[in-house]
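Chemist: any chance you could fold what I've pasted below:
(one chain, ligands or ions: 2)
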Amino acid sequence: MIIGMTGGIASGKSTVARAFAALGIPWVDADDVAREIVEPGEPALAEIAAHFGAAVITADGRLDRRALREIVFADEAQRRRLEAITHPRVRERLTAHLARLEAQSAPYVLLVSPLLFESGQAALVDRCLVIDVPESVQIARTAARDDVDEAQARAIVAAQMPRQARLARADDVIDNAAGEDALARQVAELDRRYRAAADLPPAP
Ligand SMILES: CC(C)(COP(=O)(O)OP(=O)(O)OC[C@H]1O[C@@H](n2cnc3c(N)ncnc32)[C@H](O)[C@@H]1O)[C@@H](O)C(=O)NCCC(=O)NCCS
Ligand SMILES: Nc1ncnc2c1ncn2[C@@H]1O[C@H](COP(=O)(O)OP(=O)(O)OP(=O)(O)O)[C@@H](O)[C@H]1O
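Modeler: Ligands and ions are numbered 1, 2, ... in the order given. Got it, this is the predicted structure:
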């Protein structure tokens, strides 16, 4: 069984994934895979350089992520162009990662992705788990964590699926506006349900 975990920027996906990992559940993160496919030498990086120009490539030939971020979150057409280059490759590599994880005979596995619904990755999973927080919490946590100002955090949130639309597609929801204790309880309860669905005993 593959659980797709999603939520907007800074909703807490990595934090929740670590809590599942502590219960023995393996996971793959779409943001990590999206980084792998633009490493030097990868065809996606060459396509990005051809379309966006030298301004998005650093002196040592790597992707200048900040420069590209500033372009694509200010211009939807450019963001769509970037996604046309990256998303098919991300999906292809995720499929291979998930097959490898499933072969490890874990009770179930997690695909963690900010764009599970937006980029067609939901087709790769059996159930969708949404990590839900109000937008104000997302913006505050993004600005506190990343090298991103509040206006850009708002632009990134605006480029993602609206909160209510995401919730409407959820099979399960974790409310991550509450504290870490409440989060741990919700993860333990879901883990019990997922193991029961997979017909396996609970974690010790
Ligand atoms: C624009 C890029 C270069 C910015 O890089 P940066 O290191 O600043 O951010 P990072 O990759 O860590 O992403 C941070 C968050 O931004 C959000 N985000 C990233 N890409 C997108 C997008 N196309 N649409 C909406 N939100 C996005 C996600 O919530 C993500 O978790 C990078 O995000 C990118 O290449 N995006 C396109 C690939 C993609 O869609 N990745 C998302 C997972 S498939
Ligand atoms: N329940 C919580 N209470 C307080 N802070 C939290 C909680 N959950 C997560 N955070 C903090 O919020 C920030 C975002 O969390 P995290 O990195 O897990 O989100 P994410 O959804 O994986 O983000 P992204 O996809 O943007 O990388 C982190 O700084 C994290 O420590």
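Chemist: if I look at residue 35, how far off is residue 87?
Modeler: According to Cβ to Cβ, to the nearest Å, residue 35 and residue 87 sit 14 Å apart. Heads up, the C-betas are built off the backbone N, CA and C, glycines and all.
Chemist: between those two, who's got more neighbours?
Modeler: Neighbours were counted for residue 35 and for residue 87 using other Cβ atoms under 10 Å; residue 87 has more, 19 against 13.
Chemist: what's the neighbour count on the closest residue to the more buried one other than its chain neighbours?
Modeler: In space, and not counting its chain neighbours, residue 87 is closest to residue 119: 4.6 Å by Cβ to Cβ, 6 or more residues apart in numbering. The number of residues packed near residue 119 is 18, by other Cβ under 10 Å.
Chemist: in contact with residue 119, which residues are there?
Modeler: Applying Cβ atoms under 8 Å, 6 or more residues apart in numbering, we find residue 119 in contact with 30, 83, 87, 90-91, 113.
Chemist: swap in residue 50?
Modeler: Per Cβ under 8 Å, 6+ apart, neighbours of residue 50: none.
Chemist: that older thread, in a markdown table, list the contacts of residue 119 along with secondary structure.
Modeler: Output for those, formatted as a markdown table (DSSP: H, G, I helix; E, B strand; the rest coil):
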| residue | secondary structure |
| --- | --- |
| 30 | helix |
| 83 | helix |
| 87 | helix |
| 90 | helix |
| 91 | helix |
| 113 | coil |
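Chemist: can you pick the most crowded of those?
Modeler: Within the contacts of residue 119, most neighbours by other Cβ under 10 Å means residue 113, with 27 neighbours.
Chemist: now do the residue nearest to that one when sequence neighbours are not counted against ligand 1, distance only.
Modeler: For residue 113, ignoring the flanking residues on the chain, the nearest one in space by Cβ to Cβ, 6+ apart is residue 30 at 3.5 Å. To ligand 1, residue 30 is 4 Å away according to Cβ to the nearest ligand atom, to the nearest Å.
Chemist: give me the pLDDT value at residue 30.
Modeler: Residue 30 carries a pLDDT value of 98.
Chemist: alright, I will stop here.
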